[in-house]
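Peer 1: fold the following for me, if possible:
(one chain, ligands or ions: 2)
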Amino acid sequence: MKLEAVELIRMDVPLKSAFRTSFSSVNMHQVVWAHVVTDVAEGWAECGANERPDYSSEFHNGAATVIKEFLLPDLFALGNDLTAEAVAPTLEWAKGHRMAKAVIETAILDAQLRNQKISFAKYLGADKDKVPAGVSVGIMDSLPELMKFVEGYLAEGYLRIKLKIEPGWDYEPVKLVRETFGPDLLLQVDANTAYTRDDFDLLKRLDEFNLLLIEQPINEEDVLGHAKLADYIDTPVCLDESIVSADIARDAIELGAAEIINIKPSRVGGYIESKKIHDVSQAAGIPVWCGGMLETGIGRAANLALAALPNFTLPGDTSASSRYFATDVTEPFVLVNGHIDVPTGHGIGVDPIPEIVERFAVSREWIKR
Ligand code: OSB
Ligand code: MG
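Peer 2: Numbers count the residues shown, from 1 in each chain. Ligands and ions are numbered 1, 2, ... in the order given. Predicted structure coming up:
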């Protein structure tokens with residue numbers, strides 16, 4: 001394959017309701033897509049970076065700059081030797097910028113697999129044709145509002161609830177949801193690093209609610225702190241932000257800091273690295289599940305393929321399109337009996353709807369070889 005051109009598309013996709021975490025509140029899914037053109041096929045992918053460096057150090061303009069100035073020139077220079085598998089080794093000299101690398105590698109992989117007439121699921125080694133869906137529930141202004149949302153998601157059929165927490169929004173909402181919906185509800189929490197080593201006693205109070213896991217309670221760089229917390233509380237500690245590579249995953253597991261791992265392909269540099277984390281975790285007996293970054297159908301499709309691998313034994317944040325969007329930018333993914341079908345088409349298996357891309361686009365820029 002040979003890379004001919006890449007289009008970077010910035011979009012503002014309206015959310016049905018605000019999504020609040022311990023680090024931000026958003027009404028709009030502001031996102032960058034890469035659309036690659038090769039000599040054999042075109043491919044699409046969604047970048048996980050937010051507009052601001054609030055979830056990770058990456059952000060839209062930073063990702064666009066590193067893609068244009070450093071990543072694409074090296075991939076253009078590969079000439080006919082371009083493959084999706086060659087992208088990471090070619091770009092390894094560039095430190096970090098995993099979300100920028102991931103969107104480019106994924107779009108190239110999409111083009112490659114469309115050309116080879118293979119689905120992402122088959123390429124990655126999926127063994128399921130549908131995956132159980134969980135839903136991530138943001139921080140609310142009040143407990144009644146939270147209950148209204150959780151009740152609605154359960155009525156739709158979601159099989160697992162994840163509550164976003166932060167200091168001041170933790171014990172009470174978790175207690176109310178557990179008491180209202182009973183002991184059988186699959187329930188977990190995500191702090192997005194909002195706590196510190198001084199909060200271990202507070203977090204231990206959550207033990208009484210029999211949670212599936214607590215996700216990234218403290219600073220992502222404090223992996224040892226998570227190991228200490230995992231020793232101190234009964235709730236399994238799950239890492240999200242901390243796990244940026246298969247090497248870090250291996251170390252976090254050995255330290256006892258990661259009893260469960262959330263795999264987000266964008267955070268770790270793409271689907272090939274995600275598969276490595278899946279394999280490292282599986283070999284160590286550590287369950288994984290697929291996280292999300294509010295993806296449109298373009299990102300959601302590839303995540304569903306990954307979530308169909310054997311060691312994805314917990315429901316992911318792979319919700320239906322309608323969880324976030326009144327209008328998705330692809331055919332919407334729908335919930336059927338709490339599950340979502342894994343796409344079977346070639347590549348990611350879905351296509352952008354051009355009129356909707358155009359409606360939500362804020363800017364589009366072509367970079368040519
Ligand atoms: O920590 O998992 C997270 C959304 C944006 C940034 C970080 C996170 C999230 C979510 C929502 O929890 C996941 C999703 O439904 O896509
Ligand atoms: Mg998380």
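Peer 1: okay, CA-based contacts and neighbour counts for the rest of this
Peer 2: Fine.
Peer 1: just the helices in the stretch 201-350 of the chain please.
Peer 2: Using DSSP state H, counting those that start in this stretch, the helices found in the stretch 201-350 of the chain span residues 223-232, 246-255, 265-268, 271-284, 297-307.
Peer 1: tell me which of those helices sits nearest to ligand 1.
Peer 2: With respect to ligand 1, and counting by C-alpha to the nearest ligand atom, the nearest of those is helix 297-307 at 8.3 Å.
Peer 1: ligand 1 contacts on the stretch 151-300 of the chain?
Peer 2: Contact residues (C-alpha under 6 Å from any ligand atom) of the stretch 151-300 of the chain with ligand 1: 192, 291-295.
Peer 1: ok, now with 8 Å
Peer 2: With C-alpha under 8 Å from any ligand atom as the criterion, the stretch 151-300 of the chain meets ligand 1 at residues 162, 164, 190-192, 215-216, 240-241, 262, 291-295.
Peer 1: make CSV out of the helices of the stretch 201-350 of the chain and add mean neighbour count and mean pLDDT.
Peer 2: Output for these, formatted as CSV (neighbours: other C-alpha atoms under 10 Å; pLDDT from 0 to 100):
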stretch, mean neighbour count, mean pLDDT
helix 223-232, 19, 98
helix 246-255, 17, 98
helix 265-268, 28, 98
helix 271-284, 19, 98
helix 297-307, 27, 98
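Peer 1: would you reformat these as a markdown table and include distance to D184?
Peer 2: Formatted as a markdown table, the helices of the stretch 201-350 of the chain follow (distance: least, C-alpha to C-alpha, whole Å):
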| stretch | distance to D184 |
| --- | --- |
| helix 223-232 | 23 |
| helix 246-255 | 28 |
| helix 265-268 | 30 |
| helix 271-284 | 26 |
| helix 297-307 | 23 |
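Peer 1: out of the ones you listed, flag the one nearest E58.
Peer 2: Taking C-alpha to C-alpha, helix 265-268 is the member of the helices of the stretch 201-350 of the chain nearest to E58, at 9.5 Å.
Peer 1: among the residues of the stretch 151-300 of the chain next to ligand 1, which ones are in strands?
Peer 2: Taking DSSP state E, the ones among these that sit in strands are 162, 164, 190, 215, 262.
Peer 1: what is the nearest of those residues to E58?
Peer 2: Closest approach between these and E58, by C-alpha to C-alpha: N262, at 18.6 Å.
Peer 1: now the closest one: how far from T235?
Peer 2: 15 Å (C-alpha to C-alpha, to the nearest Å).
Peer 1: what is the rounded mean pLDDT of the one helix or strand Y123 maps to?
Peer 2: In this structure, Y123 sits in helix 120-124 according to DSSP states H and E. Mean pLDDT, computed over helix 120-124, is 98.
Peer 1: so what secondary structure elements neighbour that helix?
Peer 2: Contact partners of helix 120-124 among helices and strands, from 3 or more C-alpha pairs under 8 Å, 6 or more residues apart in numbering; DSSP states H and E: helix 271-284, helix 297-307.
Peer 1: out of the residues of the stretch 151-300 of the chain next to ligand 1, which comes closest to P132?
Peer 2: The closest of these to P132 turns out to be G291 (C-alpha to C-alpha; 12.8 Å).
Peer 1: that closest one reaches I263, doesn't it?
Peer 2: Yes. Using C-alpha atoms under 8 Å as the test, G291 is close enough to I263 to be in contact (5.7 Å).
Peer 1: neighbour count: those two, which is higher?
Peer 2: Higher neighbour count among G291 and I263: I263, with 31 against 23, using other C-alpha atoms under 10 Å.
Peer 1: quick one, helices of the stretch 51-200 of the chain?
Peer 2: In the stretch 51-200 of the chain, the helices defined using DSSP H, counting those that start in this stretch lie at 60-66, 72-76, 84-91, 98-116, 120-124, 143-156, 171-181, 200-204.
Peer 1: any chance of a markdown table for these, columns mean neighbour count?
Peer 2: Output for those, formatted as a markdown table (neighbours: other C-alpha atoms under 10 Å):
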| stretch | mean neighbour count |
| --- | --- |
| helix 60-66 | 17 |
| helix 72-76 | 17 |
| helix 84-91 | 15 |
| helix 98-116 | 26 |
| helix 120-124 | 21 |
| helix 143-156 | 15 |
| helix 171-181 | 16 |
| helix 200-204 | 15 |
